[in-house]
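Let me see the structure of the following:
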Amino acid sequence: MTALLPPLAASGPSLAWYLTRSTGAVALLLLSVALALGVADVRRFSTPSWPRFVVDALHRNVSLLALVFLLVHILTAVLDSFTSISLVAAFVPFAGSYRPFWLGLGAVAFDLLLAVILTSLLRGRVGPRAWRVTHWLVYACWPIALLHTLGTGSDVKTTWLLTLSVACLALVLGAVLVRVLDGFSRDSARGRGLAIGGAFAFALGLVLWLPSGPLGSEWARRSGTPSSLLGHASTSSSKIVVNP
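Residues are numbered from 1 along each chain as shown. Purely as a prediction, here's the structure:
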């Protein structure tokens with residue numbers, strides 16, 4: 001299959017390139033929804049029309065669906081010869097040559113999500129304590145995934161991706177806030193303050209970083225895009241979307 005991709009890459013991004021971008025965006029959205037549903041499940045949220053087992057099943061299914069889209073995202077990125085991302089770089093953080101730091105964040109997020117889902121599927125064998133500790137990794141997985149999306153995504157300057165990112169950020173911040181106020185009600189005020197402060201410090205950091213980062217000039221070069229792709233972008237700008 002990879003033998004069919006170089007001719008497409010020679011004239012611009014292939015179908016795999018567009019699939020990589022779209023499945024990555026969907027995976028981020030699903031991961032955000034799964035996190036919010038996880039908070040609702042932890043809080044034992046239920047109504048007559050939404051029993052708790054419905055919330056639990058929806059959380060599990062959305063998480064698995066996020067993993068499916070993430071696997072397609074990785075597969076199409078590896079098969080697409082335009083960016084030359086190896087299978088190793090998709091799983092081993094910071095091992096690639098295309099935007100290595102930002103691509104590495106994606107590998108970290110995937111590894112964390114995989115650990116969370118595997119321990120959830122094997123919850124009866126790993127025990128509730130190990131499952132609970134591992135499940136907290138999702139709170140690290142999500143911000144890393146968002147940074148990967150913003151740092152690596154070629155659509156970061158488009159309205160639709162910015163809107164999607166802001167919506168996911170608002171959803172997760174709201175979920176974390178509810179989780180902290182409810183789940184930490186018996187803990188110290190210091191613990192609640194650190195959790196809330198950390199979440200909103202991350203949001204503020206994004207606001208301060210984006211204008212000089214992905215939304216700034218020459219982000220493709222500064223983020224580590226190989227010079228060969230930058231040269232191709234300058235000669236076929238009508239066929240490729242690479243952040244200037």
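
can we go C-alpha only for contacts and neighbour counts from here?
Fine.

Low-confidence stretches in this protein?
Residue ranges of the chain with pLDDT under 70: 1-13, 41-53, 182-191, 231-244.

Nearest the middle, which residue of it would you pick?
The C-alpha lying nearest the average C-alpha coordinate of the chain belongs to Ala145 (C-alpha atoms, centre = their mean; 2.7 Å).

Let's test this: what are the backbone torsions at it?
Note on Ala145: its backbone torsions stand at phi -60, psi -40 [degrees, to the nearest 10].

List the residues that contact it.
28, 105-106, 109 (C-alpha atoms under 8 Å, 6 or more residues apart in numbering).

Go again with 6 Å.
Shown in contact with Ala145 (C-alpha atoms under 6 Å, 6 or more residues apart in numbering): 106, 109.

Run a quick neighbour tally on Ser63.
Using other C-alpha atoms under 10 Å, Ser63 is surrounded by 23 other residues.

Just to check, it is in contact with Ala34?
Yes - between Ser63 and Ala34 there is a contact at 5.4 Å, judged by C-alpha atoms under 6 Å.

from the middle of its chain, how far away would stretch 148-163 be?
11 Å (C-alpha atoms, centre = their mean, to the nearest Å).

Mind listing what's buried along whichever helix or strand Val39 is part of?
Using DSSP states H and E, Val39 maps to helix 15-42. For helix 15-42, burial by neighbour count (16 or more other C-alpha atoms under 10 Å) applies to 16-17, 19-41.

Output the contacting helices and strands for that helix.
If contacts are counted by 3 or more C-alpha pairs under 6 Å, 6 or more residues apart in numbering; DSSP states H and E, helix 15-42 sits against helix 52-79.

List the buried residues of the helix it packs on.
Under the neighbour-count criterion of 16+ other C-alpha under 10 Å, helix 52-79 has 52, 55-56, 58-60, 62-67, 69-79 buried.

picking up where we left off before, now the angle from the helix holding Val39 to helix 52-79?
Put simply, helix 15-42 runs at 160 degrees to helix 52-79, going by axes from the mean of the first three to the mean of the last three C-alpha atoms, to 10 degrees.

separation between Ala95 and Leu79?
Computed as C-alpha to C-alpha, to the nearest Å, the Ala95 to Leu79 distance reads 17 Å.

Please disregard the earlier target; I meant Cys168.
The gap separating Cys168 from Leu79 is 28 Å, by C-alpha to C-alpha.

got it, and Val156?
Here the criterion is C-alpha to C-alpha. By it, Val156 lies 22 Å from Leu79.

can you give me the helices in the protein?
5-11, 15-42, 52-79, 87-91, 100-121, 123-126, 128-135, 138-152, 159-183, 189-209, 219-222, 227-235 (DSSP state H).

This completes my enquiry, with thanks.
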